[in-house]
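**Q** need the 3D shape of this:
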Amino acid sequence: MFLNLSFIAAFFLILWIKSPLYLLACALILNAFAFKNYIKFNKKVLKSIMIFNLGVSIGYIIMAMLKDINPWNYIIYINLKVYALTFFVFWFFSKVSIVSFFSFSKELSYLLSISLSQIYSYRKTFEDFRLAYKARFIKKYKERKRDFIRVVFSFFLKKSMHDSHERVLAMRARGFFD
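**A** Predicted coordinates for the structure are as follows:
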């Protein structure tokens, strides 16, 4: 329980920090905690936040230029905050099992097990699709790749809608929506 409270306190402490300089110091401290694995964590963090942060940053820069506002202080601040929070979460859950972290609550443990089973099932299905595509098409044809992406997206959309209905029924049977 102490570990859960310390995680929540540290998470909100990072959220509370308003200075880019303190966020940079926090990110450096987190990298020091990661010690030997800081390169692995940095790759993981940057890979997971790159597209979102790039899109938000470019959008903010465009809007700031249109309104004649200097965007750079906020861009640095928000990107450092996202980096520090993401790094902290990855680092923390590399040290603590996510299952044991949520073991204090029967309901949260159940929801976590449902989520993890969905994640692993979808990952396996996507990997099967990817391998099937690789096996069937030696050369990469753009039109076939677009069709592949469209079909896979459609499959996962239908699958997620069906699975969500099944999960709601299972949760309702267990008393989650009383």
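**Q** burial of residue 84, as a residue count?
**A** Here the number of neighbours of residue 84 (other C-beta atoms under 10 Å) works out to 24. Glycine gets a C-beta too; all of them are placed from N, C-alpha and C.
**Q** start at 15 instead
**A** From this message on, residue numbering opens at 15, which makes the last subject residue 98.
**Q** that one contacts residue 34, doesn't it?
**A** No: using C-beta atoms under 8 Å as the test, residue 98 is too far from residue 34 to be in contact (10.5 Å).
**Q** from the centroid of this protein, which residue is nearest?
**A** By C-alpha atoms, centre = their mean, the mean C-alpha position of the chain lies nearest to residue 62, the distance being 6.4 Å.
**Q** show me where the chain has its helices.
**A** All helices of the chain, identified by DSSP state H, fall at 16-30, 34-48, 52-80, 86-109, 112-115, 120-150, 156-187.
**Q** could you chop this protein up by domain?
**A** 16-110, 115-187 (automatic domain parsing).
**Q** for those, which has the smallest mean pLDDT value?
**A** Among these, domain 115-187 has the lowest mean pLDDT, at a mean of 85.
**Q** can you check the distance spanned by that one, start to finish?
**A** Distance across domain 115-187, first residue to last, is 25 Å (C-alpha to C-alpha, to the nearest Å).
**Q** how far does that domain sit from its chain's centre?
**A** Centre-to-centre, domain 115-187 and its host chain are 15 Å apart (C-alpha atoms, centre = their mean, to the nearest Å).
**Q** the residue nearest to the centre of the chain reaches residue 101, doesn't it?
**A** No: using C-beta under 8 Å, residue 62 is not in contact with residue 101, being 10.1 Å away.
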